[in-house]
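Colleague: need a structure here:
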Amino acid sequence: MAYTTIDKPSDYFNTKLYTGNGGTNAQTGVGFQPDWVWIKNRSGSDQHALYDSVRGANKYLSSSRNIAEATQSDGLMSFNSDGFTVGADGGVNTNSNNFVSWNWKKTATAGFDIVSFTGSGSQRTVSHNLGVKPSMIIVKNRSATENWIVYDKINGAGNFMALNLNSASAASSSMFGVEPTTSVFTVGTSNATNKSSSNMIAYCFAEKQGYSKFGSYIGNGDEDSTFIYTGFKPAFVMLKRTDSTTNWYINDTKRDPFNKATHSLFPNLSDAENTTGWFVDYVSNGFKIRDTGSEVNASGSTHIYMAFAEQPLVTSTGIPATAR
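Modeller: Residues are numbered from 1 along each chain as shown. Below is the predicted model of the structure:
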């Protein structure tokens, strides 16, 4: 039995914490040259800053805003062999402020692809290189003021969510409309996913046993709540309630090395880090909600999540993970 093909998840995903210095600030210790870097000032209300190697360094997008892509000469200045370098921009490097960066490597091995395409205005397919059906796709129109549109396998292609909003899942055939395949995904007629002549970017994720998981759970409103099995010890979890106007949440084990994890950031908000919730325990094979709040544990409601591993439950050689 193959437990996983990725014994060291930090070769493909890693969280890096750093302190701003207000100047040029080279960060090492990521463990690889990242292709997608998502940065948030934990200390202040700066917008989320997202950069990727396909669009190129200094090309700024923000998950907490619907703005078009901007060029920042003092934002993320380069993707390096073991990390990245940021400039003096306050959103990525305010002096003495605490920052978090989430870093991904683009490779089919880890189930992650970044796809740039030009919108056509009419339904079309776009090729990806995952080799399997994506579990989540996040699309942004780089050329226009449009929302970040999210496909996930739970809601399906006939529905969508918006990463920059707290809105519930909504039905639409114009965002995607057709389920993705092992080689392509389909975008509809919406300006948000396929505006004619607009430059578009899509972040495509596929599930990899022992490394990543995309799924859902039903809340029960109790502190002794749902346990979500992932098959690995999580390093990062992002989640969203699907049926209500609630925030997206991100927790990670670098900001919270011990249970209960309480340090939250919100992809749809510029707020500084919240240190009092949501509450979650990370264990060797998944995570358990320890919060009664309706945003993360509404009784009877569906919450979607994406999670990446710190360590697989069992490595390819049969070595089990340790608990926290």
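Colleague: for the stretch 201-324 of the chain, what spans make up the helices?
Modeller: Secondary structure of the stretch 201-324 of the chain (DSSP state H, counting those that start in this stretch): helices located at 294-297.
Colleague: how about the strands in it?
Modeller: Counting by DSSP state E, counting those that start in this stretch, the stretch 201-324 of the chain has these strands, from start to end: 212-218, 227-229, 232-241, 249-252, 280-283, 286-289, 302-312.
Colleague: wait, which of those strands is closest to residue 191?
Modeller: Closest of the strands of the stretch 201-324 of the chain to residue 191 is strand 232-241, at 22.7 Å (criterion: CB to CB). (C-beta placed from N, C-alpha, C; glycine too.)
Colleague: so what does that closest one touch, helix or strand wise?
Modeller: strand 13-19, strand 249-252, strand 280-283, strand 286-289, helix 294-297, strand 302-312 (3 or more CB pairs under 8 Å, 6 or more residues apart in numbering; DSSP states H and E).
Colleague: sorry, back to before: can I get the strands of the stretch 201-324 of the chain in TSV with mean pLDDT and distance to residue 197?
Modeller: TSV is the format used below for those (pLDDT from 0 to 100; distance: least, CB to CB, whole Å):
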stretch	mean pLDDT	distance to residue 197
strand 212-218	97	32
strand 227-229	96	42
strand 232-241	97	31
strand 249-252	96	33
strand 280-283	93	43
strand 286-289	94	43
strand 302-312	96	31
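Colleague: format those as JSON lines; extra columns: distance to residue 267 and mean neighbour count.
Modeller: Shown next, in JSON lines, are the strands of the stretch 201-324 of the chain (distance: least, CB to CB, whole Å; neighbours: other CB atoms under 10 Å):
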{"stretch": "strand 212-218", "distance to residue 267": "15", "mean neighbour count": "20"}
{"stretch": "strand 227-229", "distance to residue 267": "19", "mean neighbour count": "16"}
{"stretch": "strand 232-241", "distance to residue 267": "7", "mean neighbour count": "24"}
{"stretch": "strand 249-252", "distance to residue 267": "6", "mean neighbour count": "25"}
{"stretch": "strand 280-283", "distance to residue 267": "16", "mean neighbour count": "21"}
{"stretch": "strand 286-289", "distance to residue 267": "18", "mean neighbour count": "22"}
{"stretch": "strand 302-312", "distance to residue 267": "11", "mean neighbour count": "23"}
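Colleague: can you redo these as JSON lines with distance to residue 84?
Modeller: Below are the strands of the stretch 201-324 of the chain laid out as JSON lines (distance: least, CB to CB, whole Å):
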{"stretch": "strand 212-218", "distance to residue 84": "22"}
{"stretch": "strand 227-229", "distance to residue 84": "31"}
{"stretch": "strand 232-241", "distance to residue 84": "17"}
{"stretch": "strand 249-252", "distance to residue 84": "17"}
{"stretch": "strand 280-283", "distance to residue 84": "26"}
{"stretch": "strand 286-289", "distance to residue 84": "28"}
{"stretch": "strand 302-312", "distance to residue 84": "18"}
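Colleague: relative to residue 165, which of those strands is closest?
Modeller: Of all those, it is strand 232-241 that lies closest to residue 165, at 10.1 Å by CB to CB.
Colleague: can you check which of the strands of the stretch 201-324 of the chain gets nearest to residue 147?
Modeller: Comparing the strands of the stretch 201-324 of the chain under CB to CB, the one sitting nearest is strand 232-241, at 13.9 Å.
Colleague: neighbouring strands of the closest one in the sheet, and parallel or not?
Modeller: strand 249-252 (antiparallel), strand 302-312 (antiparallel) (DSSP bridges).
Colleague: between these, which one is closest to residue 200.
Modeller: For those, proximity to residue 200 was assessed by CB to CB; strand 302-312 is nearest, at 20.6 Å.
Colleague: quick one, the closest one and strand 13-19 angle?
Modeller: 90 degrees (axes from the mean of the first three to the mean of the last three CA atoms, to 10 degrees).
Colleague: now find how far off-centre strand 302-312 is within its chain.
Modeller: Relative to the centre of its chain, strand 302-312 is centred 10 Å away, using CA atoms, centre = their mean, to the nearest Å.
Colleague: for stretch 82-100, same thing?
Modeller: Relative to the centre of its chain, stretch 82-100 is centred 19 Å away, using CA atoms, centre = their mean.
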